[in-house]
Each structure stands twice: as C-alpha cells, then as structure tokens.
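*Asks:* sequence and predicted structure are below.
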Amino acid sequence: MGSDCRAAGVAASNRWTALVGGAVAAWAVVAAIFAVNGTRSLAQAPEAQTLGVQIHTFVDSRGVTVLSPTVDLGRDFTDRTGLRVGFGVDAITAASDSCARCHAEGATNTREFVNASILKTYGDTKVTLGGEYSHENFYQATTVSTSISRTLNQANTTVAGGYAFSWNRPQLHPDEIVENQGAHSAYATLTQTLSKSTVVQVGYELGSILGYQSNPYLRTSVDGVKMVGVHPDARLRHALTARLRQALPADMYLEADFRRYSDDWDVNANTWSVGLSHEFDPRVTLSGIYRRHGQQGAYFYQPSYTGSPEFYTADFRLFPFDSSLYTGRLMITPKDGLMMFRPGTSLVLQYEFYKSTTNFEAGIFTLGLRLPLKHP
C-alpha cells in the first residue's frame, strides 16, 4: 500500500508541473486569439458573448499552495436561449485534508471540474437547468440543478427559487472502499427595488445530506490514539440571508450581507460583510470588502476524546471559531481595449487575506480577464 501511495504522489506531482505550464499556455492561446488583429477565429461567431479566464493562487500558513486556472464561456443563441459552460482545475501541492496514514506531511492533488447550464426565457420568467462533474484523487461528485425566477411589479420585484442534488463518492484511501453521499439543497429569494438607489434581498436555504460524512484524512485524539473521525450519517441545514445594495453620492456603492446558519449538529453561525466600491470613472472601479464569521462547534466536538464516544471529529469546519476575510478588488475596462485585447475587455485584480482564531491564515490572489466575443 505504501508504494501505491508514493506512486499516487508522484503522478499528482507530475500533473502539478504540467498544469503550471498549461496555465501559461492558456494565457498565450487567449492572447493569440484575441489580439488586436485577431478578429477572426472564435471571435467571429456572431452569437457568442463573453469569455472569462481567471487564475487563482492560494497560499496558507500550513505551506499548502493551490493554482486554479478557470475558463467560462457565455453564449446566447437567441434572445430567449443562452448557454453557459465552465472548466477549471485546482492543483494542490499538499493536500489540505492530509491522508495521515500514508502521507503524513500531505500529498499533492488535483481537482478538475466542468459545468454547463442552459437558460430559457419565457416573458418575465427565466428557467435554468445545469450540472457539474468534478474529480480529484479519491473523490468525485456529480451535481444537477435547476432554478426559476420571475420579475413582477414592473420589474421592481424578482422572485426566485432553485433545487440541486449532488451525488458524492469519497474513497477511504488508502483502502479501496468507496462510500456514497447524497446532498439535496433548495433555496428561495425575494429581491425588491425600493428606489433608484436601493435594492434589498431576503432568502432562505434548506439542505439535507445523507450518507457518509466523515473525513477519512483527518485524525483526532481518542484516549491518546489518533483516530479518523466518525460523524453522523444525516444532517439538516438551514440558512437565512439578507442583502442590501445602496448607491451613495460621489459614485460610491455600499453592499452589506448577513447570513444566519444552523443545523441539527448544533453548528450555529453568523456571517456578515460590508463593502464599498468607488467608480473613478465608468472604466475603473476599486472595491474593498470585510467579512466576519463566527460559529459554535458541533455538539460532539471536543479538543480530545476519552472513553468510547459514538461520534468524534477532527474536521476544523465543525470547530468553534471566528474568522475575518479582507478583500481588495480593482476592475479596469480601458476604452480602447487592454493591450492586445479588443475594446470591452475587463481586467480584474483581486487579493484576499483570511485569518481565523484556529491560527490559520491564507492569502488568495486572482487575476482575471472578461473578453467580449463580439463588439459591444
């Protein structure tokens, strides 16, 4: 089994190297297609709308590094039908949830995902049907989703709702056993325009997870022995959300969000955020956002366990903790185009810093391009 683990680690390491080169190559291909004189090729399709390319880099206080290139394409075939497609990869130098039995110091990993959705419009009603498939070492997930929204009251009110089902299959590495997990989720929102400068939204989310929910890669102390956690096989989640978007004088905008979360594992959390954006002119926007999260731990959480507990966990997501997230974002849309890219292209530079009371810190940098596939 040890040789199998080492082989998996070498293979993942080789994929990491390939992905770094692939990400650079992807940028080169996009630049070639959308150069100033490159108005042929993909950009010639009359129905195509936008192409988005982003690269995220993540580094945390454990030494984990993640490179995540993503690509998404939006295309409207008619004024009533649209298609959205996305693809991305997470290349991880050391597994965030380390397999301590054969990768004591973590293991490289990659996660690939592809998603697609189709949008149909019927008057004031929009219906979306979509799906996503993702795969990584020892885990795969398949999700199908649908949503519907309708505008009312002269387009000042929007009512929306949706449902998604995910079938997840974790492998209990280094064993060959594959478990099953089914996750149902549904939501409903009401968005109301109160004035020309104020929009509010309230929402409710309901989720149910059935099946294997333990983390086979994290261990906790039970009578002084490191053991893989054991979680209940059922979990019911609730969340209430409220959002405010407010235009302010001097081309400034306020956004404020609040989320109250609870579940039958007694994990209760409050998350709020506030942000300000300023348009220096219609083509340059600078934003800053602060988010605060605080939660209490699951009813079976303990720093360590004694005796014969039915449930025990080493999953940090079930611990009591507080966290802060600081985000700065700059969006630039030059009037005459960006370097070799055509007019209407937007460049996004974003940096996020995360810090929690569990002594965990992380920095995330995002570089993104949004390219129009036909002239505005």
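*Replies:* That came through fine. Please read these numbers as outputs of a predicted model, since none were measured by experiment.
*Asks:* just give the number of residues close to the closest residue to Thr151 other than its chain neighbours.
*Replies:* The shortest distance from Thr151 to any non-neighbouring residue, by CB to CB, 6 or more residues apart in numbering, is to Asp124 (4.7 Å). Where you see a C-beta, it was placed from the backbone N, CA and C, and this is true even at glycine. Number of residues near Asp124 (other CB atoms under 10 Å) recorded here: 11.
*Asks:* then Ser68?
*Replies:* Ser68: 19 surrounding residues under other CB under 10 Å.
*Asks:* and it, how far is that from Ile364?
*Replies:* Distance from Ser68 to Ile364, counting by CB to CB, to the nearest Å: 9 Å.
*Asks:* next one: Glu179
*Replies:* In terms of CB to CB, Glu179 sits 30 Å off from Ile364.
*Asks:* neighbour count winner among these two?
*Replies:* The neighbour comparison of Glu179 against Ile364 (other CB under 10 Å) goes to Ile364, with 18 against 15.
*Asks:* so that one makes contact with Ile55?
*Replies:* No: Ile364 is beyond contact range of Ile55, at 11.2 Å (criterion: CB atoms under 8 Å).
*Asks:* and stretch 166-186, which residues are buried?
*Replies:* Ser166, Asn168, Arg169, Pro170, Leu172, His173, Pro174, Gln181, Ala183, Ser185 (16 or more other CB atoms under 10 Å).
*Asks:* and stretch 196-210, by the same measure?
*Replies:* Neighbour-count burial for stretch 196-210 [16+ other CB under 10 Å]: Val199, Gln201, Gly203, Glu205, Gly207, Ile209.
*Asks:* coming back round to it: find residues that contact each of Ser68 and Ile364.
*Replies:* His56, Thr57, Phe58 (CB atoms under 8 Å, 6 or more residues apart in numbering).
*Asks:* in CSV, list the buried residues of stretch 196-210 along with pLDDT and distance to Arg75.
*Replies:* Shown next, in CSV, are those (pLDDT from 0 to 100; distance: CB to CB, whole Å):
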residue, pLDDT, distance to Arg75
Val199, 97, 28
Gln201, 98, 28
Gly203, 98, 29
Glu205, 98, 29
Gly207, 97, 31
Ile209, 96, 34
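*Asks:* which of the residues you listed fall in strands?
*Replies:* Val199, Gln201, Gly203, Glu205, Gly207, Ile209 (DSSP state E).
*Asks:* what kind of secondary structure is the spatially closest residue to Ala256 that is not a sequence neighbour in?
*Replies:* Spatial nearest neighbour of Ala256, excluding adjacent residues (CB to CB, 6+ apart): Leu244 at 4.5 Å. Using DSSP: H, G, I helix; E, B strand; the rest coil, the structure places Leu244 in strand.
*Asks:* give me the pLDDT value at Leu244.
*Replies:* Leu244 carries a pLDDT value of 97.
*Asks:* beta partners of it?
*Replies:* Bridge pairing for Leu244 (DSSP bridges) gives the partners Val200, Ala256.
*Asks:* residues contacting Tyr305?
*Replies:* With CB under 8 Å, 6+ apart, Tyr305 has these contacts: Thr220, Ser221, Val222, Asp223, Tyr312.
*Asks:* same check on Gln181?
*Replies:* Ser166, Trp167, Asn168, Arg169, Pro170, Ile209, Leu210, Gly211, Tyr212, Gln213.
*Asks:* hmm, back to that, tell me the contacts of the residue nearest to Ala256?
*Replies:* Thr198, Val199, Val200, Leu254, Glu255, Ala256, Asp257.
*Asks:* just those now: which is nearest Tyr351?
*Replies:* Checking the contacts of Leu244 against Tyr351 by CB to CB gives Glu255 as the nearest, at 18.0 Å.
*Asks:* if I look at the closest residue to that closest one other than its chain neighbours, how far off is Thr285?
*Replies:* Excluding its sequence neighbours, the residue lying closest to Glu255 (CB to CB, 6+ apart) is Gly275, at 4.6 Å. Using CB to CB, we find Gly275 at a distance of 12 Å from Thr285.
*Asks:* same check, this time on Gln171
*Replies:* 44 Å.
*Asks:* got phi/psi on Tyr299?
*Replies:* Main-chain torsions, Tyr299, degrees, to the nearest 10: phi -60, psi -20.
*Asks:* which residues touch the closest residue to Leu210 other than its chain neighbours?
*Replies:* Nearest residue to Leu210, sequence neighbours excluded (CB to CB, 6+ apart): Gly182, at 5.1 Å. With contacts defined as CB under 8 Å, 6+ apart, Gly182 is in contact with Phe165, Ser166, Trp167, Asn168, Ile209, Leu210, Gly211.
*Asks:* any weak-confidence spans in the stretch 1-150 of the chain?
*Replies:* 1-48, 92-108 (pLDDT under 70).
*Asks:* let's see it at 90
*Replies:* Scanning the stretch 1-150 of the chain for pLDDT under 90 picks out 1-51, 56, 58-68, 73-84, 88-111, 136-139.
*Asks:* going by residue numbers, what spans are strands in it?
*Replies:* Secondary structure of the stretch 1-150 of the chain (DSSP state E, counting those that start in this stretch): strands at 48-60, 65-76, 81-92, 109-122, 125-136, 139-152.
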